[in-house]
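Novice: Below is the structure, and that's it, no one-letter string:
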């Protein structure tokens, strides 16, 4: 059975690291991801450093030897800073260089023949950077990114492997002359390959997860107001209703319709209409609690779900109506009326969102017929959605149909 010596293993590790680094730099440029560029550059620097050290370590002068190893520690610092950049934080430039400077300072004071001590110091510096990287990923975890445990475990395991000779050094006590050929050199070489591959897997997992999250957010958000769109609102409300149902608490839904919105567009133009929509979204959000859900579900229609009783919901709706009415919007042509009609419906724990919306829409219709700029509460929930849809269709075709929003 053929065995691989440590030099061969280190060369394989550097080739793998260089390939992965080039790949990350390429994708970093393609996706305009600064973090990927940091990670890729770190891999390329580290691979170049280890390759030169492995191939010509005995032929290097003391100064070049120190500089080459210092570059390797800078690469470790770049991996840590890449994790910072990935989370939107600024690079820590002093921290990037402190490992290399510490290595140069310590090694300059050691006996040139103390190869074991040099390796222990180097392993300790890399372990510190690995711990910092793991800490960065752990501290910045989010509820939406609960599957990040590999991002924390991989650098921790890397640091633990590097710390083993330091922890066990007092028991093993290998002589310095034979340390370069000891089992730890082989272990480091194998671990370096596994760490390089494992880290890239974790990196692309994080980048992919962030991309998916961004796309999911974009798909559920209204680009004009920044509120949830109909799809996002329905999904978020479904989770709230399920949570409140388990606790046996009621929920209340309200639908808002800006009065005379079409005439605002016709008189002042669509940009003014867009500003009116953004203003109303701000009014809604500022008058609701953080636990309440709100969204834009149509052109000038908005909706909200509150985990509260119908009576409390009506009070909140009145607060929104008054706040919007007193907004005091003025354009060149004069003041603009800012009024809204609101339908409110409440139901017991577990009532479906569509049932609540149907009832709130009926109340909104009554508010429009009653003169607009008012809040109407639904008297009861519809017996079924199918009956409500038939009634709505008949209402649209009848002479007394709900007036168009003008």
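Specialist: Thanks, I have it. As the structure is a computational prediction, the values presented were derived from the model and not from experiment. Numbering: from 1, shown residues only.
Novice: And the lowest mean pLDDT element among the helices and strands of this protein?
Specialist: The helix or strand of the chain with the poorest confidence is helix 176-179; it has a mean of 45 (mean pLDDT, DSSP states H and E).
Novice: quick one: secondary structure of residue 295?
Specialist: Three-state call for residue 295 (DSSP: H, G, I helix; E, B strand; the rest coil): strand.
Novice: which helices and strands sit right next to the strand or helix carrying residue 65?
Specialist: Taking DSSP states H and E as the criterion, the element that holds residue 65 is helix 62-86. In terms of contacts (3 or more C-beta pairs under 8 Å, 6 or more residues apart in numbering; DSSP states H and E), helix 62-86 is packed against helix 34-56, helix 93-109, helix 115-139, helix 183-219. All C-beta spots, glycine's among them, are computed from the backbone N, C-alpha and C.
Novice: Redo the ones you listed as JSON lines? Include mean pLDDT and mean neighbour count.
Specialist: Output for the helices and strands packed on helix 62-86, formatted as JSON lines (pLDDT from 0 to 100; neighbours: other C-beta atoms under 10 Å):
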{"stretch": "helix 34-56", "mean pLDDT": "83", "mean neighbour count": "21"}
{"stretch": "helix 93-109", "mean pLDDT": "89", "mean neighbour count": "15"}
{"stretch": "helix 115-139", "mean pLDDT": "79", "mean neighbour count": "20"}
{"stretch": "helix 183-219", "mean pLDDT": "70", "mean neighbour count": "17"}
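Novice: Would you convert those into TSV that also reports distance to residue 232?
Specialist: Conversion of those to TSV gives the following (distance: least, C-beta to C-beta, whole Å):
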stretch	distance to residue 232
helix 34-56	27
helix 93-109	39
helix 115-139	28
helix 183-219	8
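Novice: So which of these is nearest residue 67?
Specialist: The stretch from these with the least distance to residue 67 (C-beta to C-beta) is helix 93-109; that distance is 8.3 Å.
Novice: Report all helices and strands that that closest one contacts.
Specialist: Contact analysis of helix 93-109 by 3+ C-beta pairs under 8 Å, 6+ apart lists helix 62-86, helix 115-139 as its packing neighbours.
Novice: could you redo those as CSV and give each row distance to residue 354?
Specialist: CSV is the format used below for the helices and strands packed on helix 93-109 (distance: least, C-beta to C-beta, whole Å):
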stretch, distance to residue 354
helix 62-86, 40
helix 115-139, 41
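Novice: who wins for proximity to residue 271 among those?
Specialist: Using C-beta to C-beta as the measure, helix 62-86 is the one of the helices and strands packed on helix 93-109 that comes nearest residue 271, at 37.2 Å.
Novice: Could I get the buried residue list for stretch 294-304?
Specialist: In terms of neighbour count (16 or more other C-beta atoms under 10 Å), stretch 294-304 has its buried residues at 294-297, 300-304.
Novice: Other residues contacting it?
Specialist: Applying C-beta atoms under 8 Å, 6 or more residues apart in numbering, the contact partners of stretch 294-304 are 222, 224-225, 227-230, 232-233, 236, 253-258, 261, 277, 280-281, 284-285, 288, 292-293, 305, 357, 360, 405.
Novice: ok, of the residues you listed, which come out buried?
Specialist: Looks like those have 222, 225, 227-229, 232-233, 236, 253-258, 261, 277, 280-281, 284-285, 288, 292-293, 305, 357, 360, 405 buried, using 16+ other C-beta under 10 Å.
Novice: Residue 291: what's it in contact with?
Specialist: With contact set as C-beta under 8 Å, 6+ apart, residue 291 has these partners: residue 307.
Novice: How about residue 231?
Specialist: 219-220.
Novice: ok, 10 Å please
Specialist: Taking C-beta atoms under 10 Å, 6 or more residues apart in numbering, we find residue 231 in contact with 219-221, 295, 297.
Novice: Then residue 378?
Specialist: Neighbouring residues of residue 378 by C-beta under 10 Å, 6+ apart: 252-254, 310, 343-347, 356, 358-364, 366.
Novice: Go again with 7 Å.
Specialist: Taking C-beta atoms under 7 Å, 6 or more residues apart in numbering, we find residue 378 in contact with 343-345, 359-360, 362-363.
Novice: which one of the contacts of residue 231 is nearest residue 10?
Specialist: If you rank the contacts of residue 231 by distance to residue 10 using C-beta to C-beta, residue 219 comes first, at 46.5 Å.
Novice: what's the closest non-adjacent residue to the closest one?
Specialist: Once its chain neighbours are removed from consideration, residue 219 has its nearest residue in residue 231; the separation is 7.0 Å (C-beta to C-beta, 6 or more residues apart in numbering).
Novice: Could you do residue 368 as well?
Specialist: Residue 368 sits nearest to residue 341 (C-beta to C-beta, 6+ apart), 5.3 Å away.
Novice: okay, residue 158: pLDDT?
Specialist: Per-residue confidence (pLDDT) for residue 158: 54.
Novice: For this protein, give me the ranges with low pLDDT.
Specialist: 1-6, 54, 56-58, 60, 139-189, 191-192, 212-215, 217, 330-334, 382-406 (pLDDT under 70).
Novice: and if we set it to 50?
Specialist: Scanning the chain for pLDDT under 50 picks out the ranges 1-3, 142-146, 163-181, 396, 398-406.
Novice: distance of the residue nearest to the spatial centre of the chain from residue 223?
Specialist: With distances taken as C-alpha atoms, centre = their mean, residue 210 lies nearest the centre of the chain, 5.6 Å away. For residue 210, the distance to residue 223 (C-beta to C-beta, to the nearest Å) stands at 20 Å.
Novice: How about residue 378?
Specialist: Residue 378 sits 31 Å away from residue 223, taking C-beta to C-beta as the criterion.
Novice: How about residue 72?
Specialist: The gap separating residue 72 from residue 223 is 46 Å, by C-beta to C-beta.
Novice: Neighbour count for the two, which is higher?
Specialist: The neighbour comparison of residue 72 against residue 223 (other C-beta atoms under 10 Å) goes to residue 72, with 22 against 7.
Novice: what sits against the more buried one?
Specialist: Each residue near residue 72 by C-beta under 7 Å, 6+ apart is listed here: 46, 49-50.
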